[in-house]
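Student: Predicted model, plus sequence, below.
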Amino acid sequence: MSAYPKEYRNPLKKARGLGSAQHGVSHWWVQRVTAIALVGLGLWLVSLVLRVLHTDYATAREVVARPWNAVLLIAFVVASFWHAVLGLQVVIEDYVHTRWKEVALLMAIKFIAVLATLAGVLAVLRIALGA
Amino acid sequence: MADTRRPLSPHLSVYKWQVQMVTSILHRATGIALSVGLLLIAWGLLALAGGEERFGHFTAFVGSPIGIILLVGWSWALFYHLCNGIRHLIQDGGYGYEIVQFVRSSWASIIVSVLLTAAAWAYVLTLGAAA
């Protein structure tokens, strides 16, 4: 016995996980769940915008500060940016074929979306809590 | 060396125009446009939380000729992506794949989105302005 075997793991164990990362189903599913949520939230947002369009600053603030409006606005901001990132991700993966540009763009849209979501949520909370 | 004489996918030059290609590409285009539009919503919320003066900057931009043109475009993009998104959700359920249904639902997405946009702006210019 001159040498120990270099590898104790079964070849099947190594082969597993080299294929799909198994994240595709989650992407597809979250895209649909946020889409269904945004059917309702989108129509509601349109009605909210139409209601505050011709009002003054104080009235617009008062409308946004109402509990249900604040909750639905936060839900809209989170769901819509999430849905947007998932959609833009597919577009970038389809059309950007230089790997570093693709990765940079994928990271950029996520950073922008997370920052804008946090800012939007914080703004609604400030208005709703009267800070 | 790969054989460079092979035909190029997706043979764009030999496609006959069909409404389904228009609805498909419009869904992506409006999705990208709406992602940018989300940043406007985040700006609006931040401005509303930031005080009357900042909100004034926001409403001045939104009410300017460029702002109105962008809002008309974004409102149609929203209604189109909404209508065609519902169409896609129905198709995800396995319905509407007959060619006749597919073409008909494509036209329905386009026509209904234009009607909804017209209705929203008719409201803005008449009832909303009077309120």
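Tutor: Good, I have the coordinates. Numbering: from 1, shown residues only, chains lettered A, B, ... in the order given.
Student: Tell me the helix or strand right after the lowest-mean-pLDDT helix or strand in chain A.
Tutor: Taking mean pLDDT, DSSP states H and E as the measure, chain A has helix A:11-15 as its least confident helix or strand, at a mean of 77. Toward the C-terminus, helix A:11-15 is succeeded by helix A:24-52 as the next helix or strand (DSSP states H and E).
Student: Now that next one: buried residues?
Tutor: Neighbour-count burial for helix A:24-52 flags A:31-32, A:34-35, A:37-38, A:41-42, A:44-46, A:48-49, A:52 (criterion: 16 or more other CB atoms under 10 Å in any protein chain shown). C-betas here are computed from N, CA, C, even on glycine.
Student: Can I get those in TSV including distance to chain B?
Tutor: What follows is the buried residues of helix A:24-52, written out as TSV (distance: CB to the nearest CB, whole Å):
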residue	distance to chain B
A:31	10
A:32	7
A:34	10
A:35	6
A:37	11
A:38	8
A:41	11
A:42	6
A:44	12
A:45	8
A:46	7
A:48	11
A:49	9
A:52	9
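Student: could I get those as JSON lines with pLDDT?
Tutor: As requested, the buried residues of helix A:24-52 are arranged in JSON lines below (pLDDT from 0 to 100):
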{"residue": "A:31", "pLDDT": "96"}
{"residue": "A:32", "pLDDT": "96"}
{"residue": "A:34", "pLDDT": "98"}
{"residue": "A:35", "pLDDT": "98"}
{"residue": "A:37", "pLDDT": "98"}
{"residue": "A:38", "pLDDT": "98"}
{"residue": "A:41", "pLDDT": "98"}
{"residue": "A:42", "pLDDT": "97"}
{"residue": "A:44", "pLDDT": "98"}
{"residue": "A:45", "pLDDT": "97"}
{"residue": "A:46", "pLDDT": "96"}
{"residue": "A:48", "pLDDT": "96"}
{"residue": "A:49", "pLDDT": "95"}
{"residue": "A:52", "pLDDT": "91"}
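Student: mind listing what the residue sitting nearest the centre point of chain A touches?
Tutor: Taking CA atoms, centre = their mean, the centroid of chain A lies closest to residue A:82, which sits 1.6 Å from it. Taking CB atoms under 8 Å, 6 or more residues apart in numbering or on different chains as the criterion, residue A:82 is in contact with A:30, A:34, A:113, A:117.
Student: so for the helix or strand where residue A:60 lies, what's the average pLDDT?
Tutor: Using DSSP H and E, residue A:60 maps to helix A:57-65. Helix A:57-65 shows a mean pLDDT of 95 in the predicted model.
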